[in-house]
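Trainee: Predicted structure and sequence below. I'll ask about it afterward.
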Amino acid sequence: MRTLAVGERALLVELDSGEEAEAFHAEVLRRRAAGALPAVQEIVPAARTVLLDGVEEPGRLAAQVGRWRIEPLHARVDPALQIPVRYDGPDLAVVAALWGVEPEEVARIHAGVEYRVAFCGFAPGFGYLTGLPAAYEVPRRSTPRTAVPAGSVALAGRYTGVYPRSSPGGWQLIGTTDMVLWDPAREPAALLSPGTRVRFVPEGGAGGADFDSGVGSGRGPELGSGHGSGRGPELGGGR
Amino acid sequence: MTDRAFAVVRAGALTTVQDLGRLGHAHLGVPRSGALDPYASRLVNRLVGNPGDAAVLETTVNGCAVRPRCAVTVAVGGAPCPVTVDGRPVAWGAAVRVPAGAVLEVGAAVRGLRAYVAFAGGVATDPVLGSRSTDLLSGLGPPPLTDGAVLPLGAPPATRPCYDAPPWPGPPGELVLRVRLGPRDDWFTRAALHTLATRAYRVSPASNRIGLRTEGPPLERAVPGELPSEGMVLGAVQVPPDGRPVVFLADHPTTGGYPVVAVVRERDLAAAAQAVPGTPVRFVVQCAGVP
């Protein structure tokens, strides 16, 4: 673990892996819930870091964080969010070929895993879900689409995700859900927030393959730098 | 629609509703948004008797014109500009009474970029995630003003307007941004850090509410490639592949994959909001622990 000062009021905690970052984020939330964390305005987990922003004394917090004992992530008992999916995406055949399976198998494999929202970004309510075994990592499309429909279920790198609204995007599209994952008028606005557990349920039967996908089991090597990198489907675009 | 509303006569280049932003949702990918010059927005609110976090209009370059349906106290501040009511000049930077049906014209900025218009009672569009701010990155909050649109006003505050004329710092002739290096200064060469601290930059016309883009010598990287996506703060000086520093403003993305060489002190960002394209920019590197 490494702590980096970010300006005068923030701290970036850098971990060695995505799993460690998720475990550290869970520890931050535990401590905040227990009232054992100084006031922090924003807690922003990402691929390998957790940003603590709006902190009065970041130097002091950095020293405390270094002494924390971080428990590995363990599966929680509350039920996972079930997202119904039609596996009808335009990149289904491409993904099947990359995985070396028949297109019908993609649904079984993708729906057989329990995922966890590692972090959000790119757009409000867009969650980066981890849990897919490393063998199923796929590259992003070489040419991003200018418009990906809302509800598209997609893959890139070690992540899967659902486009909360229509936007440009370079992930491989394997399916569609009608579930509204982001609605600012709803409480909560985002169904996917960091730490949420997720299962995709194929519409019209055909259950998933039920891997034992123990969260935080230490499987799943990191993406090498220069490969995928976990950035959003597009970055910092602005309009 | 009740009488407590105003119609947009001239929307201007870009006029948005802004309060002090949508804090606490960055982990969901929601930008903070809010007035780019929060000192100006607080001050115009105080002039009309509003709490500092009431929603105001933020104009860009050429102001806007509105026609309130009710008599209302307003104040225009931020970038200095001519202000008229039904064609008669009225005070800038002070509380002004606008009769029902009269046109409040906020003219083009004489200096600076963004004027702020407060109405007693505040602009009362529906809040989204606790804020009325227009977020141009993710599209949350009310859309930018369009000609003919009608926006509601809140109930006038019990507080009397303040008729004092407060001192206003003028927009800067040179934008001096005090920065603290990091978190990714080690991704740049020593020469690049020297360049950042000593060379002159200019505000690029491609700047917007998301970021202040600069023109000037590129910063050379010591580490190639991209970072795994990480959380971004207000004032982050992000360096995209072209090497020209971008200072993140209120509508910045919550995460990003380009390295952040330094972070600008928050109190210097209001001046950044008023710096017109071409303004010279100087980054002043401060050591950790210097107040």
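Mentor: Okay, I see it.
Trainee: Can you list the low-confidence ranges for the chain?
Mentor: No chain in the question, so chain A it is. Scanning chain A for pLDDT under 70 picks out A:75-77, A:205-239.
Trainee: let's do chain B instead
Mentor: Across chain B, the stretches falling below the confidence threshold (pLDDT under 70) are B:1-2, B:163, B:165-166, B:288-291.
Trainee: what's around A:Trp72, how many residues?
Mentor: Slight slip there: residue A:72 is Pro, not Trp. 13 (other CB atoms under 10 Å in any protein chain shown). Using the backbone N, CA and C atoms, a C-beta is placed for each residue, glycine as well.
Trainee: Let me fix that, I meant to ask about A:Arg199.
Mentor: For A:Arg199, the tally of surrounding residues (other CB under 10 Å) stands at 18.
Trainee: And for the closest residue in space to B:Gly93 that isn't next to it in sequence, the neighbour number?
Mentor: Among residues not flanking B:Gly93 along the chain, B:Gly77 sits closest, at 5.1 Å (CB to CB, 6 or more residues apart in numbering or on different chains). The local packing of B:Gly77 (other CB under 10 Å) involves 27 other residues.
Trainee: So B:Gly77 versus A:Val198, what's the distance?
Mentor: 47 Å (CB to CB, to the nearest Å).
Trainee: Repeat that for B:Val281.
Mentor: B:Val281 is 44 Å from A:Val198, by CB to CB.
Trainee: Helices of chain B, start to end?
Mentor: Counting by DSSP state H, the segments of chain B that form helices are B:38-47, B:190-198, B:269-273.
Trainee: Buried deepest among the ones you listed, which one?
Mentor: Using mean count of other CB atoms under 10 Å in any protein chain shown, the stretch among the helices of chain B with the greatest mean number of neighbours is helix B:38-47 (a mean of 24).
Trainee: Briefly note if that one comes near chain A.
Mentor: No - applying CB under 8 Å from any CB of the partner chain, one finds that helix B:38-47 is not in contact with chain A, the shortest distance being 14.6 Å.
Trainee: CA atoms only for that helix - export them in CSV, please.
Mentor: These are the backbone C-alpha positions of helix B:38-47, laid out as CSV (Å, rounded to 0.1, in the frame of the first residue of the first chain):
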residue,chain,number,x,y,z
PRO,B,38,-18.3,30.2,-6.1
TYR,B,39,-17.1,33.4,-4.5
ALA,B,40,-19.1,35.4,-7.0
SER,B,41,-22.2,33.2,-6.7
ARG,B,42,-22.2,33.5,-2.9
LEU,B,43,-21.7,37.2,-3.1
VAL,B,44,-24.6,37.9,-5.5
ASN,B,45,-26.8,35.7,-3.3
ARG,B,46,-25.9,37.6,-0.2
LEU,B,47,-26.7,40.9,-2.0
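Trainee: Setting aside sequence neighbours, what's the nearest residue to the residue in the stretch 51-200 of chain B that chain A sits nearest to?
Mentor: When CB to the nearest CB is the measure, the stretch 51-200 of chain B has its nearest residue to chain A at B:Pro183, with 3.7 Å between them. Ranked by CB to CB, 6+ apart and with sequence neighbours excluded, the top spatial neighbour of B:Pro183 is A:Leu4, at 3.7 Å.
Trainee: Any idea what B:Leu212 is bridged to?
Mentor: Here B:Leu212 sits in beta bridges with B:Val247, going by DSSP bridges.
Trainee: Okay, A:Ala66 and chain B: tell me how far apart.
Mentor: Slight slip there: residue A:66 is Gly, not Ala. Applying CB to the nearest CB, to the nearest Å, one obtains 16 Å for the distance of A:Gly66 from chain B.
Trainee: Touching, that residue and A:Arg2? I think so.
Mentor: No - counting by CB atoms under 8 Å, no contact exists between A:Gly66 and A:Arg2, whose distance comes to 9.4 Å.
Trainee: who in the stretch 151-291 of chain B is up against chain A?
Mentor: Listed as neighbours of chain A in the stretch 151-291 of chain B under the rule CB under 8 Å from any CB: B:180, B:182-184, B:208, B:210-211, B:224-233, B:235-236, B:238, B:240, B:251-258, B:260, B:263-266, B:288.
Trainee: Domain boundaries for the chain, per the record?
Mentor: Assuming you mean chain A. Domain assignment of chain A by automatic domain parsing yields the ranges A:2-65, A:81-202.
Trainee: not quite, I wanted chain B
Mentor: What automatic domain parsing lists as the domains of chain B is B:5-152, B:175-286.
Trainee: who's in contact with residue 42?
Mentor: Using chain A. For A:Glu42, the residues meeting the contact criterion (CB atoms under 8 Å, 6 or more residues apart in numbering or on different chains) are A:51-54, B:23-24, B:26-27, B:231.
Trainee: wrong one, chain B
Mentor: Applying CB under 8 Å, 6+ apart, one finds that B:Arg42 lies in contact with B:20, B:52.
Trainee: Starting from chain A, give me the distance back to it.
Mentor: Distance from B:Arg42 to chain A, counting by CB to the nearest CB: 18 Å.
Trainee: circling back: could you give the bridge partners of the residue nearest to B:Pro183?
Mentor: Taking DSSP bridges as the rule, A:Leu4 bridges to A:Leu12.
Trainee: Settle this for me: it is touching A:Leu11, isn't it.
Mentor: Yes - counting by CB under 8 Å, a contact exists between A:Leu4 and A:Leu11, whose distance comes to 7.3 Å.
Trainee: what about the two, which has more around it?
Mentor: Here A:Leu4 and A:Leu11 are set side by side on neighbour count (other CB under 10 Å), and the busier one is A:Leu11, at 23 against 20.
Trainee: Relative to B:Arg184, how far out is that one?
Mentor: Separation of A:Leu11 from B:Arg184 (CB to CB) stands at 14 Å.
Trainee: Likewise for B:Arg46?
Mentor: With distances taken as CB to CB, B:Arg46 is found 39 Å from B:Arg184.
Trainee: Am I right that A:Ile83 is in a helix?
Mentor: No - using DSSP: H, G, I helix; E, B strand; the rest coil, the secondary structure at A:Ile83 is strand, not a helix.
Trainee: Show the contacting residues for it.
Mentor: With contacts taken as CB under 8 Å, 6+ apart, A:Ile83 has the following neighbours: A:153, A:162, A:177, A:179, A:181, A:198-201.
Trainee: end-to-end on stretch B:228-243?
Mentor: Using CA to CA, to the nearest Å, the span of stretch B:228-243 from its first residue to its last is 18 Å.
Trainee: would you list every one of the strands in chain A?
Mentor: Read by DSSP state E, chain A holds these strands, from start to end of the chain: A:2-6, A:10-14, A:42-45, A:49-53, A:81-85, A:115-120, A:127-130, A:145-148, A:152-156, A:159-162, A:167-169, A:172-176, A:197-202.
Trainee: Run through who's touching the last one.
Mentor: Going back to what we said before, that points to strand A:197-202. For strand A:197-202, using CB under 8 Å, 6+ apart, the contacting residues are A:76, A:78, A:80-87, A:107-108, A:110-111, A:113-117, A:127, A:129, A:153, A:160, A:175, A:177, A:192, A:208, A:215.
Trainee: Pull out the buried residues from those.
Mentor: Of the members of the contacts of strand A:197-202, the ones counted as buried by neighbours, 16 or more other CB atoms under 10 Å in any protein chain shown, are A:81, A:83, A:85, A:87, A:107-108, A:110-111, A:113-117, A:127, A:129, A:153, A:160, A:175, A:177, A:192, A:208, A:215.
Trainee: May I see the buried residues of the longest helix along chain A?
Mentor: Among the elements of type helix in chain A, defined by DSSP H, the one spanning the most residues is helix A:18-33. Of the residues in helix A:18-33, A:18-29, A:31 count as buried by neighbour count, 16+ other CB under 10 Å.
Trainee: Tell me which residue is most central in chain B.
Mentor: By CA atoms, centre = their mean, the mean C-alpha position of chain B lies nearest to B:Leu36, the distance being 1.6 Å.
Trainee: So what does it have for phi and psi?
Mentor: In terms of degrees, to the nearest 10, the main-chain angles of B:Leu36 are phi -70, psi -30.
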